[in-house]
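> Generate coordinates for the sequence data below:
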Amino acid sequence: MQEPPVIIMKELCKFYEMGDQVVRALDSINLDFRKNDYAAIMGPSGSGKSTLMNIIGCLDTPTSGIYELNGQNVAEMNDDELALARNREIGFVFQTFNLLPRLNCLRNVELPLIYAGVPPEERNERAAEALRKVGLGDRMTHKPSELSGGQIQRVAIARALINKPSIILADEPTGNLDTATSHDIMNIFGTLSEVGNTIILITHEEDIARYTKRIIRLRDGKIESDSRK
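Next up, the predicted model:
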């Protein structure tokens, strides 16, 4: 029996009022994502990619429609429950990395566990394990300034993995990387999807999207196409 989707969206809309105009950032979106999905969201500027990513990540709420995350209706969650869902269920990877320059790799990766109240010894072990998963077992004491762009992004991925989230959201994760390094990062995401993570990324690069198993194209807040390999 197939497991239920980790994400379900039904007739999801996000509208903004700008003066006397209503901007339909997302208009009647119907989508679901399952465990092991490896999907790219693509579309021109203003198509709704970032709005959709923010709603999936519980950083924003829809105007109408249903968004269920692992069986829970997100609209029914209070602020504390939303924060808990973001911390436990979702790992974020950003184009700009968002690492703290004064902290070494291990300490940067530990940060979400500090917020979660995990004891120091367990934090240390889990952070070290996450760094080894992304091939940085020998760089744990290095600071971001001592790493290449690709290594920095691997640290960011390790940090996203630290709470063992079911979903990893990546916003243009290869945007600041050269071609060879970008492909290394995409292969890491592919490996993570194979072991159970749901990977959803925004990219404007067709060659990057081709690494995924599913490409969703948005235009004017609507799904233009949704194709699987």
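> For Glu68, see how far away Gln2 is.
Gln2 is 16 Å from Glu68, where distance means Cβ to Cβ, to the nearest Å. (Glycine included, C-beta is placed from N, CA and C.)
> out of those two, which sits in the more crowded spot?
Glu68 (18 against 6; other Cβ atoms under 10 Å).
> Can you identify the element that follows the helix or strand of the chain with the lowest mean pLDDT toward the C-terminus?
In the chain, no helix or strand scores lower on mean pLDDT, DSSP states H and E than helix 79-89, which sits at a mean of 85. Sequence order places strand 90-94 as the next helix or strand after helix 79-89, per DSSP states H and E.
> ok, and what's touching that following strand?
Contact with strand 90-94 is made by 56-58, 153, 156-157, 159-163, 165-173, 201, as judged by Cβ atoms under 8 Å, 6 or more residues apart in numbering.
> I would like the residues contacting the helix or strand containing Leu52, please.
Using DSSP H and E, Leu52 falls within helix 49-56. Outside helix 49-56, the residues that touch it by Cβ under 8 Å, 6+ apart are 7, 12, 14, 25-26, 29, 41-43, 60-62, 67, 90, 167, 169, 171, 200, 202, 218, 221.
> so where do the strands sit in this structure?
Applying DSSP state E to the chain gives strands spanning 7-18, 21-33, 38-42, 64-69, 72-73, 90-94, 167-171, 198-202, 214-219, 222-228.
> which parts of stretch 159-174 are buried?
Buried positions in stretch 159-174, judged by neighbour count with 16 or more other Cβ atoms under 10 Å: 159-163, 165-174.
> How far off centre is that stretch?
Centroid separation for stretch 159-174 versus its chain: 5 Å, with Cα atoms, centre = their mean, to the nearest Å.
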